[in-house]
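>>> pasted the sequence and its predicted model underneath.
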Amino acid sequence: MVVEEVTGRDLEDLAREHVFEPLGMSRTSFVWQDAWEDNLALPHDRFERPRRFNRRHEAEAAGSIATTPGDYARLLEAILNATAERRATVDELLRQATEPAGLKFRREGSVIEITPGK
């Protein structure tokens, strides 16, 4: 992973230091945490059948993150309320994530709008 090669640090450690801990996201991780065992909701398929939860032991930026609704709300609140330099970073991240999909990103105050582009 590029971020790991550039920094010489693990993605999980970087995310914990720079995102999870500052935002108070104590139940979020890219890798399985044994402390979750007693409080885990299993994913379900489209027929409402429970599926196995993938207990990943290596961080994968494209899909290994697990979180709670409360922690996710903290992240969304930080994105919506970002100011100054952090707002510019968040806006660039959202622009780069939406443009390749043919979407248009626009922010007005704390409202973020993503619409079909043209």
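Great, that's in hand.
>>> all contacts plus neighbour counts: C-alpha atoms, from now on.
Will do.
>>> so what's the residue count around Phe20?
Phe20 has 20 neighbours, counted by other C-alpha atoms under 10 Å.
>>> same question, Pro43
Neighbouring residues of Pro43 were enumerated by other C-alpha under 10 Å; the total is 12.
>>> let's have the chain start at 50 instead
Taking 50 as the first residue, the last one we looked at is Pro92.
>>> wait, doesn't it sit right on Phe102?
Yes: with contact defined as C-alpha atoms under 8 Å, Pro92 reaches Phe102; the gap is 6.6 Å.
>>> how about low-confidence regions in this protein?
167 (pLDDT under 70).
>>> quick one: the residue positioned nearest the centre of it and Ile161, what's the gap?
Closest to where the C-alpha atoms of the chain average out (C-alpha atoms, centre = their mean) is Ile114, at 6.9 Å. Computed with C-alpha to C-alpha, to the nearest Å, the distance linking Ile114 and Ile161 is 23 Å.
>>> any idea which element Arg155 lies in?
With elements taken from DSSP states H and E, the one containing Arg155 is strand 152-157.
>>> show me what that strand is packed against.
Under the contact criterion of 3 or more C-alpha pairs under 8 Å, 6 or more residues apart in numbering; DSSP states H and E, strand 152-157 touches helix 133-147, strand 160-165.
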